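Just to be clear, the model below is a prediction. Sequence and coordinates:
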Amino acid sequence: MWRRVTSLSPVISTSKSTSFDQAASGFKIWRSSFSTETPTMVKDATTSFKERNPFITFVLGGPGSGKGTQCQKIVETFGFKHLSAGELLRREIESNSENWSQMLNTIKEGRIVPSEVTVRLIQQEMESSDNNKFLIDGFPRTEENRIAFEQLIGLEPNVVLFFDCSEEEMVKRVLNRNQGRVDDNIDTVKKRLKVFEILNLPVIDYYSKRGKLRKIDAVGTEDEIFEKVRPIFSACGMMSHYFAF
Ligand SMILES: Nc1ncnc2c1ncn2[C@@H]1O[C@H](COP(=O)(O)OP(=O)(O)OP(=O)(O)O)[C@@H](O)[C@H]1O
Ligand SMILES: O=c1ccn([C@@H]2O[C@H](COP(=O)(O)O)[C@@H](O)[C@H]2O)c(=O)[nH]1
Ligand SMILES: [Mg+2]
């Protein structure tokens with residue numbers, strides 16, 4: 001049986017932040033006496049995650065479109081916390097957690113793990129992080145995932161990135177990835193592409209209609225693509241995204 005999601009639990013966290021974060025958060029803010037540039041946010045123990053007013057970015061795109069690669073660059077440049085849903089599931093499998101074999105089979109077949117499992121893992125990581133800016137990579141995969149996140153976490157993303165890549169290029173990248181992933185083979189990739197088209201494109205369409213989608217042409221070098229991502233997160237870009245929602 002799949003486990004159910006636990007309720008939101010209060011956490012205490014401390015984080016370095018930019019002035020943007022301060023403006024965007026409901027945290028009590030104070031300046032460290034050691035630095036005039038690095039304000040520290042102190043969170044009340046009773047404050048729920050939602051009240052932290054986090055900045056949430058969903059990062060979507062087909063298998064091999066470069067989500068993880070670009071997230072790494074966003075982390076280095078803008079200091080986000082990167083949460084890859086697929087990576088969280090792979091960690092669960094490696095730690096032999098409950099249902100690990102069902103999860104492994106699901107991933108091998110390119111299917112989608114039940115929402116309550118994935119949302120619980122994302123929730124735990126977000127709540128225990130002292131960062132308040134999140135990149136949620138490879139999630140939501142389905143409309144059901146999206147609704148589960150919104151209902152359980154009580155928040156919507158501030159912005160949604162979509163790395164738009166041709167199938168031919170995605171297949172080439174996945175088959176060359178060479179990281180030992182059980183789903184990096186031609187049979188599973190074909191299934192993942194189908195699942196992406198049928199289940200993930202409606203999510204992308206939903207956010208497009210909500211004005212939250214930032215579509216990026218993901219063909220080119222990693223650096224070329226990052227130059228298209230950068231303005232979205234530059235100080236002005238983030239402010240306008242934040243206040244637009
Ligand atoms: N712009 C690019 N050009 C060529 N290769 C790239 C580019 N971006 C990423 N890659 C390579 O393609 C492979 C897939 O990239 P990455 O792991 O970032 O994709 P992903 O979208 O996270 O895929 P998945 O959904 O399967 O996790 C990696 O080996 C990566 O080094
Ligand atoms: O929200 C999610 C994210 C991922 N999965 C499963 O994991 C694999 C790999 O995901 P990547 O994002 O490509 O690392 C994916 O094909 C799904 O089987 C999931 O079920 N739900
Ligand atoms: Mg990835």
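Perfect, I can see it now. Residues are numbered from 1 along each chain as shown. Ligands and ions are numbered 1, 2, ... in the order given.

my guess is residue 112 is in a strand, correct?
No. The assignment for residue 112 by DSSP: H, G, I helix; E, B strand; the rest coil gives coil, which leaves it out of any strand.

Identify the residue spatially nearest to it, adjacent ones excluded.
In this structure, residue 112 finds its nearest non-sequential neighbour in residue 141, 5.1 Å apart by C-beta to C-beta, 6 or more residues apart in numbering. For glycine as for every other residue, the C-beta is placed from the backbone atoms N, C-alpha and C.

ditto for residue 123
By the measure of C-beta to C-beta, 6+ apart, the closest residue to residue 123 outside its immediate chain neighbours is residue 153, 6.1 Å from it.

what about the one you found, how many residues close to it?
Counted with other C-beta atoms under 10 Å, residues neighbouring residue 153 total 19.

next one: stretch 117-130 to chain centre, how far?
Distance of stretch 117-130 from the chain centroid (C-alpha atoms, centre = their mean, to the nearest Å) equals 11 Å.

quick check, that stretch touching ligand 2?
Yes. Stretch 117-130 is in contact with ligand 2 by C-beta under 6 Å from any ligand atom, via residue 118.

quick one, what contacts the closest residue to ligand 2 within the chain?
Nearest residue of the chain to ligand 2, counting by C-beta to the nearest ligand atom: residue 86, 2.1 Å away. Counting by C-beta atoms under 8 Å, 6 or more residues apart in numbering, residue 86 touches 107, 137-138.
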